[in-house]
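Enquirer: Got a predicted model here, sequence first, then my questions.
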Amino acid sequence: MKILVAIKRVVDANVKVRVKGDGTGVDLTNAKMAINPFCEIAIEEAIRIKESGAADEVIAVSVGPKVSQEQIRTALALGADRGILVETDQQVEPLAVAKILKTLVEKEGIDLVILGKQSIDTDNNQVGQMLAALCNYPQGTFACKAEFKDGKIEVTREIDGGEQTVLLSLPAIITTDLRLNEPRYASLPNIMKAKKKPIDETTPADLGVDISSKLQTLSVEAPAERSAGVIVESVEELVNKLKTEAKVI
């Protein structure tokens, strides 16, 4: 079985993001970049499946600029077997990413695709669902548990008010939630081995996918600063402030 894991290069979760002075986007100058945290969980799950003997190969793929090789190398150091970089300097929208992944799924003969449920930069939460629709594959989104049973994969999903369990026939799509696993750290020997693992490079045009933008960003601005909290002495004072100041009741 072959597993494809999609990873995205994003600003490190510990970095405070700054908006450009002209409001055209986020200032990435000298910003520390990393693998999207949900994608790290996807990589870990794919590696665990391979370690259990249920998979033969894990392929890490990223769509982005040349420097996205750094994140693919990290995935290889964690245990992925090879990488694919779909190189583009354009901002790629979710549907275009899903189309690129669909082409790779067909080209590589993929049995299982694992993605993070969303990226921490745009928070779209769309690629996994779009890919499942394009491939006509069953999907288990927001997965907090996954295990193989009789040639199928049982996925426990986090939903509003509880959990839902679905049994998926392969090939299938899974998107990961935070509680699926705890990602490992790459060891020094594996980091050195990752330097020799292959990364294939291609472009959206080579794959026959149009990534021209269908959306236009008018402006980007930082959220308003939060004001300091207020300590109240009694329930009556709290209710009065909610009525007169916050005006929420």
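Expert: Ah, there it is. Residues are numbered from 1 along each chain as shown.

Enquirer: Backbone torsions only: list them for Asp12.
Expert: Asp12 has phi and psi values of phi -50, psi 140 when expressed as degrees, to the nearest 10.

Enquirer: tell me the strands in the protein, going along the chain?
Expert: Taking DSSP state E to define them, one finds strands in the chain at 2-7, 9-11, 18-19, 26-27, 33-35, 57-64, 82-87, 112-116, 139-149, 152-159, 162-169, 172-176, 199-202.

Enquirer: Report how many residues lie close to Gln69.
Expert: Gln69: 18 surrounding residues under other CB atoms under 10 Å. The C-beta positions use only the backbone N, C-alpha and C, and glycine is treated the same way.

Enquirer: Gly64 too?
Expert: 22.

Enquirer: Contacts only, for it.
Expert: For Gly64, the contact set (CB atoms under 8 Å, 6 or more residues apart in numbering) comprises Lys8, Arg9, Leu85, Val86, Glu87, Thr88, Val92.

Enquirer: and stretch 185-202, how far apart are its ends?
Expert: End-to-end distance for stretch 185-202, by CA to CA, to the nearest Å: 28 Å.

Enquirer: Please convert the strands of the chain to TSV, extending it with distance to Glu70.
Expert: Formatted as TSV, those follow (distance: least, CB to CB, whole Å):
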stretch	distance to Glu70
strand 2-7	11
strand 9-11	7
strand 18-19	21
strand 26-27	19
strand 33-35	7
strand 57-64	10
strand 82-87	10
strand 112-116	17
strand 139-149	27
strand 152-159	30
strand 162-169	32
strand 172-176	21
strand 199-202	11
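
Enquirer: In TSV: those, plus distance to Ile43 and mean pLDDT.
Expert: Formatted as TSV, these follow (distance: least, CB to CB, whole Å; pLDDT from 0 to 100):
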stretch	distance to Ile43	mean pLDDT
strand 2-7	5	96
strand 9-11	13	93
strand 18-19	28	86
strand 26-27	24	86
strand 33-35	7	93
strand 57-64	7	96
strand 82-87	11	96
strand 112-116	8	96
strand 139-149	14	94
strand 152-159	17	94
strand 162-169	20	94
strand 172-176	9	96
strand 199-202	15	96
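
Enquirer: I'd like to know which of those lies nearest to Ser234.
Expert: With CB to CB as the measure, strand 162-169 is the member of these nearest Ser234 (36.4 Å).

Enquirer: Give me the most central residue, the chain.
Expert: By CA atoms, centre = their mean, the chain has its centre lying nearest to Gly116, at 3.3 Å.

Enquirer: nearest spatial neighbour of that one, skipping sequence neighbours?
Expert: Nearest residue to Gly116, sequence neighbours excluded (CB to CB, 6 or more residues apart in numbering): Phe38, at 2.6 Å.

Enquirer: And for the one you found, the neighbour number?
Expert: Other residues close to Phe38 by other CB under 10 Å number 22.
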